[in-house]
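# okay, predicted coordinates and the sequence, questions at the end:
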Amino acid sequence: MEKNNRLLNGIKFFALSVFLVLYIFPFFIVLINSFKERKEILENPLKLPSVLNLSNYIDAFTKMNYLHAFLNSLIITAFSVFLITLLSSMTAYIFVRKKWKFNQFMFFFMVASMIIPFQGIMIPLVKIYGSIGMMNSKWALIYMYVGFGASLAVFMYHGFIKSIPLELEEAATIDGCSQLQTFFKIVFPLLKPVTTTIAILDILWIWNDFLLPYLVLMAPEQRTLPLSVFYFYGTYTIEYGPAMAALMLATIPVIIAYLLMQKQIIEGVLKGSIK
Amino acid sequence: MNVNQEKTLLAKLKTYLIFAGPTTFAFLTVIILPFLYGIYLTFTDWNGISATHAFVGFSNYLQAFNDKVFWTSFLLTLKYVFFTVILINVIAFFLAYMLTSGVKGQNFFRAGFFTPNLIGGILLGFIWQFIFSNILVYLGKSYNIPIFSGSWLSDPDKAFWALVIVTVWQYTGYMMVIYISGFMNIPRDLLEAASIDGANFYQRLKNVILPLMAPSFTISVFLTLQRGFMVYDINLALTNGGPYKSTELISLHIYNTAFLSQQYGIGQAEAFFLFFVVAAVTLLQVYFSKKLEVEN
């Protein structure tokens, strides 16, 4: 029995390894070809590069305006996530602690709206914000992310705040804290686990999002990383080498973040999915 | 006893605006206002540029529903959703089962299979475009494998399966994480008790594992359904609807109708149709899954 189990585990390990290698294979292909010249790629795309030539990377880095796109992505993601967590936690707090009819209605309204797919809104969104001159700006985009991200975040905070006992807040009130002070000094720190979960889910979403920035940001200097890869790839499809380097450049920051925070990210997805 | 009890309507309003004002405003202006305005747009002939538009009644809906291309795209999306939902959930379930059975390097495997979910669909689509049109063709020519001799992306039927493969590859890891949490919530002694009572693998799966995993199925099928209907990035980057519009899924079709053909009203009518379908399908799915969960 014991021996059988070990054999079974060995087989499982082997099968999983083969599957994982297949799974990761596409990234490996991009990596090796990002160092090669066009001729070398066409001859044999599976061969390891003969030299570690970085010229594709330099090419892609400058033509994509990489630093700029990276900073745009960073600013948009950071501000959106900060605002979503801050504003949604405050909203959820008032929804839980003040059982007014209107609050209950708004909460229900927000949760119900989660069924609306983005495609159902995108056309009028472009029309409305285009007509008041709010297109082509990161700040308009961040504002939209707050709107799109609020419902889920409020819903998740709502579930968590319900489980926090009132006594702590009552004590703070007796000590003379205003409602805002009570929230920021007592409640918000207690929300850290949900805040982490929401932040991770929203970072994955906003950092990688394509369609909304594609609709809102027109000017080249406003482009986020996925956008700049898209336009770069569209212009240089035949230039395989630089195109592969561009894909690597856009992937590397995410992989680094993943290596550093792998456990939190998987946990965040896990908790976020059980809504 | 609570000092912070708002007595007047004005005090309530003040508290509400301080805490929930910005969220409410952003929510109403970004989601609800465009949604309502969208309903209005479907009854107009707005072309995206002109300042005025005429009221055209139901003609946008009629045009959309009489458009063969729209139905082809919609049916293709249904086919796509059907295959991706089944394949993703079966593979993810199986992976999760293996990765909760105490195999060596469990955490490493989990992290590995999750990797594609960190990267945007546009990038994934481009990566696979290279795989399908270069790597596989190279393999096909070098080793005489007929199925890879031409690029899958230039064959209408194979391009569809290319889309399915990439989608399955992308989301399996995510759903695997959900199933792993389900498996970890199954009490060990329950499985052991079943084993001692002589239940074989199939009986344990049917009578113990599957009923206890029902909540994970509800979530995972819901997410895969929703994402399947709304897929855009991968469709755009991998095939861009080609060859000859043969892989244009519904989201891409809506985008093209509205923003490329500048038929905003028709595009929005199609978008509403998609909204109703997604809402109906996902609500029905959750309703029946919850019912199943309770019965078990």
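Perfect, thanks for sending it. Numbering: from 1, shown residues only, chains lettered A, B, ... in the order given.
# going forward, measure contacts and count neighbours with C-alpha atoms only.
Fine.
# geometric centre of the chain: which residue is closest?
By default, I'm working from chain A. Geometric centre of chain A, nearest residue: residue A:204, 1.9 Å, by CA atoms, centre = their mean.
# ah, no, chain B please
residue B:227 (0.7 Å).
# what's the helix or strand for that residue?
Element membership of residue B:227 [criterion: DSSP states H and E] is helix B:210-230.
# again with residue A:127
Per DSSP H and E, residue A:127 falls inside helix A:122-131.
# which residues touch that helix?
By CA atoms under 8 Å, 6 or more residues apart in numbering or on different chains, the residues outside helix A:122-131 that reach it are A:135, A:212, A:215-216, B:30, B:34-35, B:37-38, B:41, B:48, B:258, B:264, B:267-268.
# now the residue nearest to the centre of chain B: how far from chain A?
Going from residue B:227 to chain A by CA to the nearest CA, to the nearest Å gives 10 Å.
# and for residue B:124?
As judged by CA to the nearest CA, residue B:124 and chain A stand 9 Å apart.
# ok, and the closest non-adjacent residue to that residue?
residue B:234 (7.0 Å; CA to CA, 6 or more residues apart in numbering or on different chains).
# secondary structure class for the one you found?
Counting by DSSP: H, G, I helix; E, B strand; the rest coil, the backbone at residue B:234 sits in helix.
# cool, and the one 10 residues further on?
Under the three-state scheme (three-state DSSP), residue B:244 adopts coil.
# residue contacts, it?
Neighbouring residues of residue B:244 by CA under 8 Å, 6+ apart: residue B:156.
# separation between the residue nearest to residue B:124 and chain A?
In this view, residue B:234 and chain A are 10 Å apart by CA to the nearest CA.
# go ahead and confirm that residue touches residue B:119.
No: using CA atoms under 8 Å, residue B:234 makes no contact with residue B:119, being 11.4 Å away.
# isn't the residue nearest to the centre of chain A up against residue B:118?
Yes: counting by CA under 8 Å, residue B:118 is a contact partner of residue A:204 at 6.4 Å.
# show residues contacting stretch A:209-227.
So stretch A:209-227 is contacted by A:66, A:68-73, A:122, A:126, A:135-138, A:141, A:208, A:228, A:250, B:120, B:122-123, B:232-233 (CA under 8 Å, 6+ apart).
# tell me where the stretch 101-250 of chain A has helices.
A:101-113, A:122-131, A:138-161, A:167-174, A:179-182, A:188-190, A:192-208, A:211-216, A:225-235, A:240-273 (DSSP state H, counting those that start in this stretch).
# now mean pLDDT and distance to residue A:89 too, for the ones you listed, in a markdown table please.
Shown next, in a markdown table, are the helices of the stretch 101-250 of chain A (pLDDT from 0 to 100; distance: least, CA to CA, whole Å):
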| stretch | mean pLDDT | distance to residue A:89 |
| --- | --- | --- |
| helix A:101-113 | 93 | 13 |
| helix A:122-131 | 90 | 26 |
| helix A:138-161 | 94 | 6 |
| helix A:167-174 | 86 | 16 |
| helix A:179-182 | 90 | 12 |
| helix A:188-190 | 94 | 8 |
| helix A:192-208 | 92 | 8 |
| helix A:211-216 | 94 | 24 |
| helix A:225-235 | 88 | 29 |
| helix A:240-273 | 86 | 15 |
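# buried ones in the helix holding residue A:127, by neighbour count?
A:122-129 (16 or more other CA atoms under 10 Å in any protein chain shown).
# run the chain-centre distance for it.
Centre-to-centre, helix A:122-131 and its host chain are 24 Å apart (CA atoms, centre = their mean, to the nearest Å).
# got it, and stretch A:40-49?
Offset of stretch A:40-49 from its chain centre (CA atoms, centre = their mean): 33 Å.
# and if you look at stretch B:43-56?
Mean C-alpha position of stretch B:43-56 versus that of the full chain (CA atoms, centre = their mean) differs by 32 Å.
# just checking, what packs against the helix or strand harbouring residue B:74?
In this structure, residue B:74 is located in helix B:68-98 according to DSSP H and E. Helices and strands touching helix B:68-98, by 3 or more CA pairs under 8 Å, 6 or more residues apart in numbering or on different chains; DSSP states H and E, are helix B:156-184, helix B:210-230, helix B:250-255.
# quick check: residue A:48 is in a helix.
No: read with three-state DSSP, residue A:48 is coil and lies in no helix.
# next one: it from residue A:241, what distance?
13 Å (CA to CA, to the nearest Å).
# residue in the stretch 151-296 of chain B nearest to chain A?
residue B:271 (4.9 Å; CA to the nearest CA).
# mind giving me the packing neighbours of the helix or strand where that residue lies?
Per DSSP H and E: residue B:271 is located in helix B:264-295. The contact analysis (3+ CA pairs under 8 Å, 6+ apart) places helix B:264-295 against helix A:122-131, helix B:33-41, helix B:59-65, helix B:210-230, helix B:250-255.
# which of the residues in that helix are buried?
Across helix B:264-295, burial judged by 16+ other CA under 10 Å covers B:264-276, B:278-279, B:282, B:285-286, B:289, B:293.
# just the angle for it relative to helix B:68-98, thanks.
Interaxial angle of helix B:264-295 relative to helix B:68-98 (axes from the mean of the first three to the mean of the last three CA atoms, to 10 degrees): 30 degrees.
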